[in-house]
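Q: sequence and predicted structure, then a few things I'm wondering about:
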Amino acid sequence: MVLPAKLHMLCVLTLFSCAAHASDTTRTDVAFEKLVEAHWQQTLAVNPFLAASLGDKKSANQLPDVSLSQQLKLAKDSARILSKLSEIDSSRLSTANQTNLAILKRLLIDDSLEFKYKTYLIPISNRSGFHMQFAELHKSLPFKTVQDYRDYLDRLDKFGVYTDQHIALLTEGISTGNVLPSVVLQGYEETISAHIVQDATRSLLYSPFRNFSQALTDAEKDQLQERAMFSITSTVVPAYKRFHDFMQRIYIPAARGTIGASALPNGREFYRYRVRHFTTLEISPDEVHQVGLTEVARIKSEMLKVIDQVEFDGDFADFLQFLRTDPKFYPTNAEDYLKETAYILKRMDGELPKLFLNLPRNPYGLKVIPAYIAPKTTTAYYQPPPASGKLAGQYFLNTYNLKSRPLYELEALSLHEAVPGHHLQIALQQELTDLPLFRKYSGFTAFVEGWALYAERLGLEVGFYTDPYSNFGRLSYEMWRACRLVVDTGIHYQGWTRKQAIDYMIENTSLSRHNIVAEVDRYIAWPGQALAYKMGELKIRELRERASIQLGAHFDIREFHDAVLRHGAVPLPILESNIETFIEDRTP
């Protein structure tokens, strides 16, 4: 067929226009991807731990530069890249890069605000710090060759400078009013003194030199052990002593008597930012507080149904006291506690194909939280596999004070930390091949923790929580996260006292008093972070319900979970957009 002349010319012009737009899009994508690469290289340059785990041999013996001058340089570098990103016309990017641009800009904007509020001047919390992370560093490192050991020894030799840089940040924090509350630092010195040893071979940092790789000769082993003892004795222990002395004599006495973030410089403004940062939503502290109150009331009504189910003679407070004090609900030894945890996880492993299309290749392990940090540490936590993928993820369980570790919470706890919670989501993200590296090795707390809380509830769909007490434990864990919305905003924005927060948690959850005190102190030391769990979970459940209603018989839970997870951790508004696309694509 021959086209009329005018129609032929219109088609030609249209083709040229499309080709020009495609060319513009390609050029814009290339320019953007260069900026992404520049940002990524900057990230690796300041994070030798990450760089080394990705195979950069030059970083394997390095520690981060956390000096004040470096903080200022990072702020300028981030601002420069953000300025260039702002010049990009997002409409000329591919769909994937439009998402990448939105996420990178959000990360850099949040970085700029962290610098603005000088959060780097509080590089420790009640349950963490550089000195703890450094002591555990060897657990994520490969020790196969002589060079692997030498790289670690180089890091030991640099620990003194690393410590002094942190002391300088904390000192600057004192002078500017950016300090932790004194109440959360009670007993903190024990996390430091645990590493001040007379005998270097008894140091946790000497651990790699007790059992060597078979590839090493006896002479190499002797030489490495001798150097390790020298480094620990001459550099590491003196650095821990300096830090211990600084904390005891200077920092703790200078810590503030207030507990809320609102007492920090520009504190109320800072906390409003932190709410947006951790929830990824445009929402105010007062709105979050109200969401929390609504959720607490809803969950409590479900808990009361369980109390009726077990025919308990007493009110809600009596039942909570019964759960906290009856010995039958608590493990008698750590070994049985760990075995029960492993059994729960193995059961869930067998149910995962009913819920997911794709499962991570990298496995996970179960370990005990180190004794020297256990008293000040929460019930459990998850440690992701290193970026290299050569080591498994680890679910760390707290076996300190077993009288505060109820068995009826163990199903919900384990599903949260391992599978289908943190390990499944994070390990899958690390295995995605179509994400830029800055997304593969970063995340948004509302997504990551929201998913893990959502994962607890998935146990209902595959045969967990059949015991009413275990189901009450699940509800108590959900209530715990709902209470966080009330307590965190109460402490940091509404002037709540520590006692008020503790009493509210005791009144509404079955958590032991020991766990509640540790949790409240965590919220005090880490403003806003605790909001992410429930706000993220609520959004995922909202989106699942929307997809189920709109797709009807065409809704497949495995496909929905794939749509949530296959893009990695994203801000909640982008997750919502992804699910809207999923619904459109699946609608007949």
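A: Sure thing, it's come through.
Q: show me the shaky parts of the chain.
A: By pLDDT under 70, the low-scoring segments of the chain are 1-25.
Q: how does it divide up, domain by domain?
A: With domains defined by automatic domain parsing, the chain comprises 5-46+67-120, 123-257, 294-484+499-524.
Q: so for residue 283, which of those domains sits nearest?
A: Closest approach to residue 283 among the domains of the chain (Cβ to Cβ): domain 294-484+499-524, 10.7 Å. Every C-beta, even on glycine, is put in place using the N, C-alpha and C of the backbone.
Q: pull the contacting residues for residue 174.
A: Counting by Cβ atoms under 8 Å, 6 or more residues apart in numbering, residue 174 touches 250-251, 254.
Q: can you tell me how far it sits from residue 56?
A: 35 Å (Cβ to Cβ, to the nearest Å).
Q: just to revisit the earlier point, now tabulate the domains of the chain in JSON lines and tack on distance to residue 584.
A: Converted to JSON lines, the domains of the chain look like this (distance: least, Cβ to Cβ, whole Å):
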{"stretch": "domain 5-46+67-120", "distance to residue 584": "13"}
{"stretch": "domain 123-257", "distance to residue 584": "42"}
{"stretch": "domain 294-484+499-524", "distance to residue 584": "19"}
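Q: so where do the strands sit in the stretch 251-400 of the chain?
A: Assigned by DSSP state E, counting those that start in this stretch, the strands in the stretch 251-400 of the chain fall at 364-368, 380-383, 393-397.
Q: okay, which residue is most central for the protein?
A: The centre of the chain sits closest to residue 445, judged by Cα atoms, centre = their mean, with a distance of 5.9 Å.
Q: follow-up on the earlier one: please work out which of the strands of the stretch 251-400 of the chain is packed deepest.
A: Neighbour counts (mean count of other Cβ atoms under 10 Å) averaged over each of the strands of the stretch 251-400 of the chain peak at strand 393-397, with a mean of 22.
Q: helix or strand right after it?
A: Toward the C-terminus, strand 393-397 is succeeded by helix 410-417 as the next helix or strand (DSSP states H and E).
Q: that following helix to strand 393-397, inter-axis angle?
A: Between helix 410-417 and strand 393-397, the angle comes out at 150 degrees (axes from the mean of the first three to the mean of the last three Cα atoms, to 10 degrees).
Q: what packs against the very next helix or strand once past helix 410-417?
A: Next helix or strand after helix 410-417 toward the C-terminus (DSSP H and E): helix 422-431. Judged by 3 or more Cβ pairs under 8 Å, 6 or more residues apart in numbering; DSSP states H and E, the packing partners of helix 422-431 are strand 380-383, strand 393-397, helix 445-458, helix 557-565.
Q: pretty sure the residue nearest to the centre of the chain contacts residue 278?
A: Yes: assessed by Cβ atoms under 8 Å, residue 445 is found in contact with residue 278 at 5.3 Å.
Q: okay, and the common contacts of these two?
A: Common neighbours of residue 445 and residue 278 (Cβ under 8 Å, 6+ apart) are 529, 532.
Q: now, which of the contacts of residue 174 sits nearest residue 322?
A: Nearest to residue 322 among the contacts of residue 174: residue 251, at 42.1 Å, using Cβ to Cβ.
Q: quick one: contacts for the closest residue to that closest one other than its chain neighbours?
A: In this structure, residue 251 finds its nearest non-sequential neighbour in residue 170, 5.6 Å apart by Cβ to Cβ, 6 or more residues apart in numbering. Going by Cβ under 8 Å, 6+ apart, residue 170 touches 121-124, 179, 246, 251.
Q: now with 10 Å, please.
A: 121-124, 129, 178-180, 243, 246-247, 250-251, 254 (Cβ atoms under 10 Å, 6 or more residues apart in numbering).
Q: next one: residue 564
A: Taking Cβ under 10 Å, 6+ apart, we find residue 564 in contact with 425, 447, 450-451, 454, 540, 543-544, 547, 570, 575, 578-579, 582.
Q: cutoff 7 Å now
A: 540, 575 (Cβ atoms under 7 Å, 6 or more residues apart in numbering).
Q: coming back round to it: okay if I get the helices and strands packed on helix 422-431 as CSV plus distance to residue 109?
A: Below are the helices and strands packed on helix 422-431 laid out as CSV (distance: least, Cβ to Cβ, whole Å):
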stretch, distance to residue 109
strand 380-383, 28
strand 393-397, 30
helix 445-458, 16
helix 557-565, 24
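Q: now for the ones you listed, which one comes closest to residue 332?
A: Smallest distance to residue 332 across the helices and strands packed on helix 422-431 (Cβ to Cβ): 15.7 Å, for strand 393-397.
Q: what strands line up against the closest one, and which way round?
A: strand 364-368 (parallel), strand 380-383 (antiparallel) (DSSP bridges).
Q: can I get the ones you listed in CSV with distance to residue 101?
A: Formatted as CSV, the strands paired with strand 393-397 follow (distance: least, Cβ to Cβ, whole Å):
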stretch, distance to residue 101
strand 364-368, 33
strand 380-383, 30
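Q: of all the ones you listed, which one is nearest residue 148?
A: With Cβ to Cβ, the closest approach to residue 148 among the strands paired with strand 393-397 belongs to strand 380-383: 19.9 Å.
Q: which residues sit against the closest one?
A: Contacts of strand 380-383 (Cβ under 7 Å, 6+ apart): 393-398, 413, 417-418, 422-423.
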